[in-house]
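Q: what follows is a predicted structure for the sequence shown.
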Amino acid sequence: MMNEGLFREQWFKIFKRKIIDLNLNDESIDDEELDVMPIIYCCLINRMILPNPRGICLSKEFNEEIKGWENIKKIISTGENINPYMSKRIKDWREHDLLLYSAGISHFHLSKNKFGGVKDELVFGIFTKNDFYGILIGNHDDTYNLKHLVSIVDKNWPGLLDSSINNNNSSFSKDFFKQNALDKRLQMNMFKPGGLDGHMHSNLIYYNINGKILKIPAPVVFAYENEINYIDKIENTIISRIKNKFQGYENVDYCLEVDEFNQCYKIFKENNSPIIKKPITEFPFPVRKIICSDYVNRELRYS
């Protein structure tokens, strides 16, 4: 029988499997409700870097002689996975990177162990789909020095950031920025927390689900809402076809699968032969809308 909410439940389970496939070994998701799984997945992916061969552009302030950079350079240029060099906190979907949300600036370590990045040396830079803009190699103290990092970007690549530094903007004060980065109570409904725009991480907002208040990036909320509404429309279409006795649509259980490669949802009748599995119909991904199922391929921080 085709029950209301069936496709939603199947969609949630797809994302629980996707989270498991990330191999983060985070048991905390076992305590979360099933309908939060797409949000958890997108929050994790939000801070990760999609492996892709990239050209490397370095600022005049970037010291290439520091030990460990040649290895990182090779990883970035060949499209290997840079995420193991990120902070260990990248595995916690609830954690936030205020530097990333403020200016689209990523930071990662020159060294790693099996748990993640280690030691104090950090690479700061901006990832686009095809390029990496290396700002400098610094340390953890530099993660709070937004004004200095942005000034290097403006000087070396004018126009990469949509806004120039406003010296009167307290968001660029190192002490103010550090206070906001470390005190999670201050991270509420932050729109353009550093006064900058033009990247995917400029908003951090509250979102209510299951009576719980989550603090997550706005693009994750948009992706979740866009897709869950679209899943409901697909389900309503199938139910309507069953009620109106469309040819081939019996009142049996149906299964929704996501085909990321072909950018579509495939609907199967569960009484289909296990040998010949052919969808009864397909629905394309929503046009020009960010969704969880295609979040990994979303437009990156800059064009």
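A: Ah, there it is. Predicted, not measured: the structure shown is a model, and the values here were computed from it. Numbering: from 1, shown residues only.
Q: need the contact list for residue 12.
A: By CB atoms under 8 Å, 6 or more residues apart in numbering, residue 12 lies in contact with 34-35, 37-38. Every residue, glycine included, has its C-beta placed from N, CA and C.
Q: residue 222 too?
A: Residue 222 neighbours (CB under 8 Å, 6+ apart): residue 290.
Q: how about the residue nearest to residue 260 when sequence neighbours are not counted, secondary structure?
A: For residue 260, ignoring the flanking residues on the chain, the nearest one in space by CB to CB, 6 or more residues apart in numbering is residue 293 at 6.3 Å. Going by DSSP: H, G, I helix; E, B strand; the rest coil, the secondary structure assigned to residue 293 is helix.
Q: now the strands for the stretch 101-250 of the chain?
A: Counting by DSSP state E, counting those that start in this stretch, the stretch 101-250 of the chain has strands at residues 106-113, 116-127, 131-138, 190-191, 203-209, 212-217.
Q: circling back: of the contacts of residue 12 - the most surrounded one?
A: Counting neighbours by other CB atoms under 10 Å, residue 38 comes out on top of the contacts of residue 12 with 26 neighbours.
Q: which elements pack onto the helix or strand harbouring it?
A: According to DSSP states H and E, residue 38 maps onto helix 37-47. Secondary-structure packing of helix 37-47 (3 or more CB pairs under 8 Å, 6 or more residues apart in numbering; DSSP states H and E): helix 6-21, strand 212-217, helix 218-243.
Q: weakest of the ones you listed by average pLDDT?
A: Mean pLDDT is lowest for strand 212-217 among the helices and strands packed on helix 37-47, at a mean of 84.
Q: related to what we said a few turns ago, what's the burial count for the residue nearest to residue 260?
A: The burial count for residue 293: 25, using other CB under 10 Å.
Q: ok, it to residue 18 distance?
A: 9 Å (CB to CB, to the nearest Å).
Q: I'd say residue 87 and residue 112 touch.
A: No. The pair residue 87 / residue 112 is not scored as a contact, 10.4 Å apart, by CB atoms under 8 Å.
Q: and of the helices and strands packed on helix 37-47, who's closest to residue 106?
A: strand 212-217 (14.2 Å; CB to CB).
Q: which of the residues in that closest one are buried?
A: For strand 212-217, the neighbour count (16 or more other CB atoms under 10 Å) marks 214-217 as buried.
Q: turn those residues into CSV, including distance to residue 3.
A: Output for those, formatted as CSV (distance: CB to CB, whole Å):
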residue, distance to residue 3
214, 27
215, 33
216, 29
217, 33
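Q: and these, which is closest to residue 297?
A: residue 217 (16.5 Å).
Q: beta partners of the closest one?
A: On the basis of DSSP bridges, residue 217 is bridged to residue 204.
Q: could you find the closest non-adjacent residue to the spatially most central residue of the chain?
A: In the chain, the C-alpha closest to the average C-alpha coordinate belongs to residue 46, at a distance of 1.9 Å (CA atoms, centre = their mean). Excluding its sequence neighbours, the residue lying closest to residue 46 (CB to CB, 6+ apart) is residue 217, at 5.5 Å.
Q: and that neighbour, how far from residue 18?
A: 18 Å.
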